[in-house]
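Chemist: Coordinates for the following, if possible.
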Amino acid sequence: MVSLLRSEWYKLRKSKIVYILLVGPVVGLIIGIFTNIDMLPLEMNQWVGTLMMMNLTYALLFLPLITGVLAGMICKYEHDAGGWKQLLALPVTRGKVFVAKYFLLMLLILAIQVFYLVSLLGIGFAKGFTDTFPIEVVWKSILGGWVATLPLASLQLWMSMMFKSFAASFSVNVIFTLPTIVIVNSERFGPYYPWAQPFSMMYLSGDTNDIFFVPWDHLLTVVGGSFIAFFVAGFIYFQRKAV
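Modeler: Below you'll find the model as predicted:
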């Protein structure tokens, strides 16, 4: 497994992966810089208010989109010039290949979240925030956004393995990401829509006493259940995939 991870990372090093990892955090940084904290309610913490404004765009659009881009890049090398046959000709099982690609995808998403946190800290220090840094609220938002991508990453990795064209898998991701702006406000469909999960678990709109701002039953049934369903479906598909 370690050798597979090293191999996957070596292939990504040749791509412009660093720039992709920084797109979302840079967008958040720009939004945070231009956020007028004087317009926020007086009782609202400066850090929390800025993070909420940043999340409106980052968690709603950029995080789901970038997750799909990374999933496509992880599979792009194998789709080119019969790469799947070359990879599976090695003494590795298909199961280990799928798990290694998914593990690397989640590590990359975690790196994006860390860079996003750095962007928030940079904004606060640059603007001279005087309020206390709400570490519990911030870590729930950052880590919650990462946890929320568990099922989405599984689904997008599955689609990226299914479609040979990077443009095709990316187009499908865009088609399902854009409606999130409307669906996230729906009490009926919003909580169950995979592309809306990052926003729901990052926006600080729920009870701050809940884990990642969502109830435990939501985390276990919706996020956990959809993760298991998409991961198992993608795993089975890859086991039967013709190469």
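Chemist: gap between the one helix or strand Leu65 maps to and the chain center?
Modeler: In this assignment (DSSP states H and E), Leu65 forms part of helix 63-79. Helix 63-79 sits 11 Å away from the centroid of its parent chain (C-alpha atoms, centre = their mean, to the nearest Å).
Chemist: Show me what it is packed against.
Modeler: Where contact means 3 or more C-beta pairs under 8 Å, 6 or more residues apart in numbering; DSSP states H and E, helix 63-79 is packed against helix 2-13, helix 17-33, helix 83-88, helix 94-127, helix 135-162, helix 166-177. Backbone N, C-alpha and C define where each C-beta goes, glycine included.
Chemist: And the shortest one, what does it pack against?
Modeler: Yep, that's helix 83-88 we're talking about. For helix 83-88, the elements it packs on are helix 63-79, helix 94-127, judged by 3+ C-beta pairs under 8 Å, 6+ apart.
Chemist: what residues does the first one touch?
Modeler: Spelled out, that is helix 63-79. When contacts are defined by C-beta atoms under 8 Å, 6 or more residues apart in numbering, helix 63-79 is touched by residues 8, 11-12, 15, 17, 20-21, 23-24, 83-84, 87, 101, 104-105, 108-109, 112, 145, 149, 152-153, 156-157, 159-161, 164-166, 169-170, 173-174, 177, 180, 195, 198, 202.
Chemist: For Gly145, grab the count of nearby residues.
Modeler: 26 (other C-beta atoms under 10 Å).
Chemist: Am I right that it is in contact with Met54?
Modeler: No - counting by C-beta atoms under 8 Å, Gly145 does not reach Met54; the two are 11.2 Å apart.
Chemist: what's the overlap in contacts for these two?
Modeler: With C-beta under 8 Å, 6+ apart, Gly145 and Met54 have common neighbours Tyr116.
Chemist: for this structure, what are the low-confidence residue spans?
Modeler: Applying pLDDT under 70 to the chain flags residues 1, 42, 81, 205-210, 243.
Chemist: Might you calculate how far stretch 156-166 sits from the centre of the chain?
Modeler: The mean C-alpha position of stretch 156-166 is separated from the chain mean by 16 Å, C-alpha atoms, centre = their mean.
Chemist: right, I mislabeled it, should have said stretch 19-30
Modeler: 13 Å.
Chemist: Next, the buried residues of the helix holding Leu65.
Modeler: Applying a neighbour-count criterion of 16 or more other C-beta atoms under 10 Å, one finds 63-79 buried in helix 63-79.
Chemist: Taking helix 135-162 as reference, get the angle to that helix.
Modeler: 40 degrees (axes from the mean of the first three to the mean of the last three C-alpha atoms, to 10 degrees).
Chemist: Among the helices and strands packed on helix 83-88, single out whichever gets nearest to Ser3.
Modeler: For the helices and strands packed on helix 83-88, proximity to Ser3 was assessed by C-beta to C-beta; helix 94-127 is nearest, at 9.1 Å.
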